[in-house]
Structures are given as structure tokens and as C-alpha cells.
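Novice: The following block contains a protein sequence and its predicted model.
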Amino acid sequence: MKKKRSIVVLYEIILIAITVIMALPLFLAITISFQRPEAVFSYPPKFFPTSFHWKNYVEAFQYVPLARLFLNSLIVASMITLGKLITGTLAGFAFSHFNFKGKRIMFALLFATLFLPAETVMILPLFLIMKSFGWVNTYWALTVPFMASATNTFLMRQHFLTIPRELQDAALIDGASYIQYFWKILIPLSKHMLAGASIINFVYAWNMYLWPLIVTMQDEMKTVQIGVKMLMQAESANNWGVIMAGTVVALIPTVTMFLALQNLFVKSLVRSGMKG
Amino acid sequence: MKKVLPYLLLIPTFIVISLFIYWPAIYSLRLSFYRISPLGNRMVFVGLKNFKRLFENPEYLYSIRITLVYVLASLILTIFLAFFIALLLNMNLPGSRIYRALIFTPYAISPAIAGVLWSFLLNPVVGHVNYILSKLFGLQVEWLTTKPYALIAVIIATVWKTLPFDIIFYLAGLQDIPQELIEASMVEGASAWTRTWRIVFPLLSPITFYLIIMNLVSFMFSSFAIIDVTTKGGPGNFTTTMIYRLYLDAFAFQKTGPAAAQSVVLFVIMAVVTVFYFKFGERRVHYQ
């Protein structure tokens, strides 16, 4: 069937308009972050960069301990990602390769947590528990509670189920233990899955807000997400150039990762949402 | 070995979820039955009084109402816009790959940063939105500080942040439908609209169901970051949603008992959502 030309042109225009609206906030953040203070307040507002005022970045790092916050976010997001991969692959292996007493109950118990996001629903009791552990203001509180998740377990389980059973039988006959089979055969066969899961988990952890806000009181334990809010409240109140510089720093890791690995990302996301 | 191994493999996961999900849930339930002094050193059992007070408290009732409005408005907008944009992207018009990459980027941006970006764009003095509005319609809006615009601002930031997630899922779903069917329903003149909604949209209803549940959960909770950055729950209590109310009562006002009761309410809402999801989404969730 031939598409009508005028309609195609119309669709194209609509699509471009949508793309501009979706990308504009990010584009302007980068533009403003290099703008001189006078230029930010000029009227009409500028849509394109007029200067390369990198001093905004220097100031952003002075107003708040941005370097430390960035490092904290890096540590926290990496630890959570690693933790989730370890617990998720182990539990996924158990659920996909073994039959054992209580399997159904344990599976249901895990499934129920899907809808109890600890970093939100449970903030108050979780905070009190952290206090009793003496974990407030530590990396422990920022990472350990999130080191296991139903999503990761199910994702790995589904993937392990697609690997032919004969491989396991052959390995066992050859004298390998279950652990050797897991480590030497299953994990190497799951590289893509693990890579995809890593990015999803990293972005999720990097973007956490409410929990880090509550569980860290000292500035040097906070994360970049909180740093951006601190910048907005700092003396630079209306100095949007500096605020945007901090914002750009905070989103560089996840956005570049996303743009570079978009296909892998999208595939894993869809797979984790539609198990099966 | 084969007998013990699966349990050993599950230990790490179960330590984490029992310590940091199940225990807090039970603890929260227990706390909700007590009146607790701000320092936490004295506890008096008050039964269901915290809940009774909660549902008599106009501030709390208001937060339920505003949550409903916010969640429903964001949900409807996000679902329909995402479906529409996915249809367009799926037509593989020239440049689609680039549009797709750019349209997806907000997925990687955090709710807090979405709040910062929209605070700027909607800023009455330096923001670009008011500039465009005043050029086109002569409008000047105090977005973040007046009713009802503060809520609209929060919804705009939320929809913008959530759209990519939904588009990704709709695109994946559309790719499973024969391309001719979509093109026929999209391009062919007058009946295109009805066919899109009568054929394509119903075909994707399992995805829509999944997205509604996921968006609902995310709007209930991650709205916190967007609201905290843009409006701080204001003006007045105007954009104080349930999660923001809980945060204020628990951490700003130290009302531990009532805040625990609020946790339990959220917890019950989530339980209802979970049961609903199991009951109606079961066919799509392959477990056991």
C-alpha cells in the first residue's frame, strides 16, 4: 500500500516536534550550564549557547562537595548493582535448576516484594532499623537494603531456563560440581543478560532520592541527586548556570551509558518487564 | 549436596528481603498501634486510634485526594501519549532512529533531576515555557507557586519522565503485530482513528495493563523527588501527596505513630494492587 505523501509529512512534523519537546530540557540544561549569569537572565531567553562559561562548573563544585557526592553515588550504585547481580544469579539458579521443599512459598514470598519498594513504602521503619544498627550516615544503609530484588531473580531465572538442560547433564557426567557448572558454564553464557541487568540496576540506584535524603545527615555522605537539590537551595539560589552545571554532572553517567548502550538497555528492560 | 544447595543459594536473597522488607513491614504495623514520644523513648499502646485520627485528619484526607488526581491525570496522559508516540516511531519514518534515541533519554534522567529541569523551564522569570506562552497567547503563569498550576507543573515533569519507559514497552509490543495491520490502520484516511483504537490498542491491552500497574506504583512513590524539588508540597498543602505527607509527618514533625499508620495504609494499597495484578495479569506473568 502506498502511503499518502501529505500524511507522511504531517507525521514527520509531529514526530520532530515531540522529539524537540522530549530532548529540549536536557539540551537547555547543557546550554545554560555554559551560560554567563547575565545571559541566563536576558530576555528573550536564549535557546542556543552564547558563551563557554565553564566557571559555572567550578562554582558548582565549590558550593557543594560535588566531587565527593559523585564518588558516593558511584560507590553506592556500583555496590547495589553488584549485590543484586550476585543475589539474583544465585537465587535464579536455585529456582531454575532445582526442585526443593518450600519452593513455591519462597517464590511467592519473593514475588510479593515486587510491590513493596523498600526505599519508599518502608522508609520510616527502615530508618528506625538503620538507627538501631548504627548504620545511619554509612554506605551500609545506602546499599545493603537494596542488594536483592525479585526482578533480578526472575530475570535470571527466566534466562537460565532457556539454557539447554543437556549442558548441565554433560557437565555433571564429566565430574563437574553444580557450583562449577554454575560458574564456568551458566554465568559465561549469560554475559549479555548480566550486562543489561547491570545497566538497569545502575540507573535505578544512581537515581534514588528519598532514601539517601533521609538516611544521610552529613553532607559528605550524600549522593549527587541530593547534591542537585542542595545546589538549588544554596546561596546560588537563582544562579541557574551553576545549578545546571551540577545537574549535568549528575546525569552524565546514566545518560551517556544509556545513549551508548541503548539497544542492550531497551532489550533487557523489555525482557525484565515481560518475563517469558 | 543437591538437597542443601538450593537453600544455600537462596540465603543471601532471603536475608536481605527479610531484614529490609518483611521486618520493616511488620515493625511498621506494630508501631502504628502505639503513641510514641518524639524521642522514641516512651510508647503507649493506643490500638487503632492512629488510623482513626488519620482518617479524621483533613490534611491526610486531602493528601489522598490530591494523590488520586495526580496519579490519574499522569496515568491517562502518559498511557495515551506513549501509545501515540510509539505508533509514530514504529512507522519507520526517515530519521526515526535519531528521534527514538532522543525521545528515550529522559528514561535515564532521575525524577529529582526531572524536577530541576522543569523548575527551570517553568520559572516565571528565566524559563522558556512562559516566554513561549506569552509570545503565543500573552500568558504569564506563576507555575510552581499558584493553584492549580503547581499540580500541572508536577504532572508535566512526571509525564515527561515516564513517557520513555512506556514508549519502549509499546514499541516492543507493536513490533509483534504485523506491520501491514498498523500501517493500514494508521495511514488509510478517515477510519484510521477508529481502527487504531479498535484493533491496535486492544491488541496491546496486556502491555497497557502492565504499564498501568508499573506507572501507578512509580507515581505513588517516585513523585516524591519531583515534588520535593519543584513545589515542596506547596503552595500550602496543594501538592502534598501521600508519600510527601508521610515524609513530613515522619521526618519533619517526628509523629512516629501516625506516620507508621500511613506506611501501613500505603502498604495495604500496594497489597491491593498486587492482588489485582496477580488476578488479572496472571496470564502474562510466567512463574513456576
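Specialist: Alright, I've got the coordinates.

Novice: thought residue A:231 was touching residue A:240?
Specialist: No. Counting by Cβ atoms under 8 Å, residue A:231 stays clear of residue A:240, with 10.1 Å between them. Yep, even glycine has a C-beta here, placed from its N, CA and C like the rest.

Novice: pLDDT score assigned to residue 30?
Specialist: Went with chain A since none was named. You'll see residue A:30 listed with a pLDDT of 94.

Novice: nope, chain B please
Specialist: pLDDT, residue B:30: 91.

Novice: and the nearest residue to it once chain neighbours are set aside, how many residues sit next to it?
Specialist: In space, and not counting its chain neighbours, residue B:30 is closest to residue B:260: 8.0 Å by Cβ to Cβ, 6 or more residues apart in numbering or on different chains. If you count neighbours by other Cβ atoms under 10 Å in any protein chain shown, residue B:260 ends up with 26.

Novice: so who does residue B:260 touch?
Specialist: Counting by Cβ atoms under 8 Å, 6 or more residues apart in numbering or on different chains, residue B:260 touches A:124, A:125, B:28, B:29, B:30, B:31, B:32, B:34, B:50.

Novice: distance of the third one from chain A?
Specialist: For residue B:28, the distance to chain A equals 4 Å [Cβ to the nearest Cβ, to the nearest Å].

Novice: residues in contact with that residue?
Specialist: A:122, A:124, A:125, B:260, B:263, B:264, B:267.

Novice: Going by secondary structure, it is in what exactly?
Specialist: Using DSSP states H and E, residue B:28 sits in helix B:23-31.

Novice: What residues does the most centrally placed residue in chain A make contact with?
Specialist: Most central in chain A under Cα atoms, centre = their mean is residue A:203, positioned 1.4 Å from the mean C-alpha point. By Cβ under 8 Å, 6+ apart, the residues touching residue A:203 are A:254, A:257, A:258, B:107, B:108.

Novice: Contact partners for the second one?
Specialist: So that's residue A:257. Neighbours of residue A:257 in contact, by Cβ under 8 Å, 6+ apart: A:199, A:202, A:203, B:108.

Novice: you'd agree residue A:50 is in a strand?
Specialist: No. Read with DSSP: H, G, I helix; E, B strand; the rest coil, residue A:50 is coil and lies in no strand.

Novice: So for it, what's the pLDDT?
Specialist: pLDDT, read off for residue A:50, is 77.

Novice: Poorly predicted segments of chain B, please.
Specialist: B:1, B:39-40, B:184-190, B:281-288 (pLDDT under 70).

Novice: now swap in chain A and tell me
Specialist: A:1-4, A:118, A:235-237, A:274-276.

Novice: elements contacting the helix ranked longest in chain A?
Specialist: In chain A, taking DSSP state H as the definition, the longest helix is helix A:66-97. Under the contact definition 3 or more Cβ pairs under 8 Å, 6 or more residues apart in numbering or on different chains; DSSP states H and E, helix A:66-97 sits against helix A:103-112, helix A:139-143, helix A:150-161, helix A:191-206, helix A:224-233, helix A:240-260, helix B:5-17.

Novice: count of neighbours near residue B:130?
Specialist: Quick note: residue B:130 (other Cβ under 10 Å) scores 20 neighbours.

Novice: nope, residue A:163 is what I meant
Specialist: Counted with other Cβ under 10 Å, residue A:163 comes out at 15.

Novice: again with residue A:174
Specialist: For residue A:174, the number of neighbouring residues by other Cβ under 10 Å comes to 9.

Novice: Spell out which residues of the stretch 151-276 of chain A are next to chain B.
Specialist: Residues of the stretch 151-276 of chain A lying close to chain B (Cβ under 8 Å from any Cβ of the partner chain) are A:153-154, A:158, A:177-178, A:203, A:206-210, A:213-214, A:225-226, A:228-229, A:232, A:238, A:240, A:243-244, A:247, A:250-251, A:254-255, A:257-259, A:262, A:266, A:269-270, A:273-276.

Novice: Return the closest of the contacts of residue B:28 with respect to residue A:186.
Specialist: Taking Cβ to Cβ as the measure, residue A:186 lies nearest residue A:122 of those, at 32.7 Å.

Novice: Would you mind putting the helices and strands packed on helix A:66-97 into TSV with distance to residue B:73 alongside?
Specialist: Below are the helices and strands packed on helix A:66-97 laid out as TSV (distance: least, Cβ to Cβ, whole Å):
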stretch	distance to residue B:73
helix A:103-112	29
helix A:139-143	33
helix A:150-161	27
helix A:191-206	25
helix A:224-233	25
helix A:240-260	26
helix B:5-17	33
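
Novice: wait, which of those helices is closest to residue B:88?
Specialist: Nearest of the helices and strands packed on helix A:66-97 (Cβ to Cβ): helix A:240-260, 20.7 Å.

Novice: got the buried residues for the helix or strand following the closest one?
Specialist: Toward the C-terminus, helix A:240-260 is succeeded by helix A:262-273 as the next helix or strand (DSSP H and E). Using 16 or more other Cβ atoms under 10 Å in any protein chain shown as the test for burial, helix A:262-273 gives A:262, A:264, A:265, A:266, A:268, A:269, A:270, A:271, A:272, A:273.

Novice: related to what we said a few turns ago, buried ones in the longest helix of chain A, by neighbour count?
Specialist: Neighbour count says helix A:66-97 has A:66, A:68-70, A:72-73, A:76-81, A:83-85, A:87-97 buried, by 16+ other Cβ under 10 Å.

Novice: same thing with stretch B:208-217?
Specialist: The neighbour-count check on stretch B:208-217 (16+ other Cβ under 10 Å) flags B:208, B:209, B:210, B:211, B:212, B:213, B:214, B:215, B:216, B:217 as buried.

Novice: Over to stretch A:99-110?
Specialist: In stretch A:99-110, counting by 16+ other Cβ under 10 Å, buried: A:100, A:106, A:107, A:109, A:110.

Novice: Show me the subset of the residues you listed that also lies near chain B.
Specialist: Applying Cβ under 8 Å from any Cβ to those, one finds that A:100, A:106, A:107, A:109, A:110 fall near chain B.

Novice: Out of those, the closest to chain B would be?
Specialist: Using Cβ to the nearest Cβ, residue A:100 is the member of those that lies nearest chain B, at 4.5 Å.

Novice: SS state for the closest one?
Specialist: Criterion first, three-state DSSP; result for residue A:100: coil.

Novice: What backbone torsions are found at it?
Specialist: With angles defined as degrees, to the nearest 10, residue A:100 sits at phi -150, psi 160.

Novice: and it, what does it touch?
Specialist: Contacts for residue A:100 (Cβ under 8 Å, 6+ apart) come out as A:94, B:3, B:6, B:7.

Novice: Greatest separation within those: which pair is it?
Specialist: A:94 and B:3, at 12.2 Å, using Cβ to Cβ across the contacts of residue A:100.

Novice: Please report how far residue B:98 lies from residue B:160.
Specialist: 19 Å (Cβ to Cβ, to the nearest Å).

Novice: Neighbour count for those two, which is higher?
Specialist: Counted by other Cβ under 10 Å, residue B:98 and residue B:160 do not tie: residue B:160 has more neighbours, with 22 against 11.

Novice: can you state the direction angle for the strand or helix carrying that one and helix A:240-260?
Specialist: Under the criterion of DSSP H and E, residue B:160 resides in helix B:149-174. In terms of direction (axes from the mean of the first three to the mean of the last three Cα atoms, to 10 degrees), helix B:149-174 departs from helix A:240-260 by 10 degrees.

Novice: to the chain's geometric centre, what's the distance from helix B:149-174?
Specialist: 9 Å (Cα atoms, centre = their mean, to the nearest Å).

Novice: So which elements touch it?
Specialist: Helix B:149-174 makes packing contacts with helix A:5-33, helix A:262-273, helix B:58-90, helix B:96-104, helix B:111-121, helix B:205-230 when contacts are defined by 3+ Cβ pairs under 8 Å, 6+ apart.

Novice: between that helix and helix B:96-104, how many degrees?
Specialist: The directions of helix B:149-174 and helix B:96-104 differ by 140 degrees, with the same axes, to 10 degrees as the criterion.

Novice: Buried residues in helix B:149-174, which are they?
Specialist: Result for helix B:149-174 [16+ other Cβ under 10 Å]: buried residues B:149-151, B:153-174.
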